[in-house]
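In: quick one: sequence and predicted model below, then my questions.
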Amino acid sequence: MSKLIVEDRIDRPAKDVFEAIVTVEGLSGFFVERTSAPMVPGTTVTWSFPHVDAEFDVEIGEIEPDRLVSWRWPGGQVTIKLRETGAGATALTVMEQPMGDGIEGAARAVGQTQGWTYFVCTLRAYLLHGIRHFGLSDGIRATLTD
């Protein structure tokens with residue numbers, strides 16, 4: 001089974017990036033419409049994405065302040081690694097697995113690449129410019145065909 005990796009850099013300290021991802025205020029500022037609780041290892045939270053009519057439980061895994069956040073959600077395991085790069089910037093690596101095999105795995109990878117790119121872009125807009133939930137749309141689609 002394959003693993004999807006999306007990498008970028010955000011010009012903010014790792015502490016700021018980490019807090020945006022694990023807190024209710026942060027996560028609901030750029031990624032989910034609602035989250036039932038902050039991310040705490042070993043807990044289950046509910047995330048709501050009403051713009052695409054989705055709500056599901058997320059099992060929070062390992063968390064290391066300012067370095068690592070992981071969870072399991074429908075379809076896979078997500079791990080986000082943060083690394084300070086100097087001058088107040090943070091390298092961000094998002095990994096999700098499994099993607100699956102064949103055309104189904106490729107189609108999942110296309111969709112998840114779109115989703116994780118959105119995650120990174122909205123996180124950056126939120127942290128650098130205070131923009132909350134820009135561009136939420138139920139109309140964006142990525143499709144893989146033969």
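Out: All right, it came through fine.

In: CA atoms for contacts and neighbours, from now on please.
Out: Noted.

In: middle-most residue in this protein, spatially?
Out: residue 119 (5.1 Å; CA atoms, centre = their mean).

In: which strand or helix spans that residue?
Out: Taking DSSP states H and E as the criterion, residue 119 maps to helix 102-129.

In: run through the helices of the protein in chain order.
Out: 14-22, 24-30, 102-129 (DSSP state H).

In: now do the last one: distance to the chain's middle.
Out: Averaging C-alpha coordinates over helix 102-129 and over its chain gives two centres that are 8 Å apart (CA atoms, centre = their mean, to the nearest Å).

In: give me the pLDDT for the nearest residue to residue 109 once chain neighbours are set aside.
Out: Leaving out its chain neighbours, the residue that sits closest to residue 109 by CA to CA, 6 or more residues apart in numbering is residue 99, at 5.8 Å. pLDDT recorded at residue 99 is 93.

In: residue 99: what's it in contact with?
Out: Taking CA atoms under 8 Å, 6 or more residues apart in numbering, we find residue 99 in contact with 1-4, 76, 105-106, 108-109.

In: sorry, back to before: and the residue nearest to the centre of the chain, how far from residue 85?
Out: Applying CA to CA, to the nearest Å, the value for residue 119 to residue 85 is 20 Å.

In: output the below-cut-off pLDDT ranges for this protein.
Out: 1, 134-146 (pLDDT under 70).

In: OK, contacts around the residue lying closest to residue 8 once chain neighbours are set aside?
Out: Sequence neighbours aside, residue 92 is the residue nearest to residue 8 in space, at 5.3 Å (criterion: CA to CA, 6+ apart). By CA under 8 Å, 6+ apart, the residues touching residue 92 are 7-10, 80-83.
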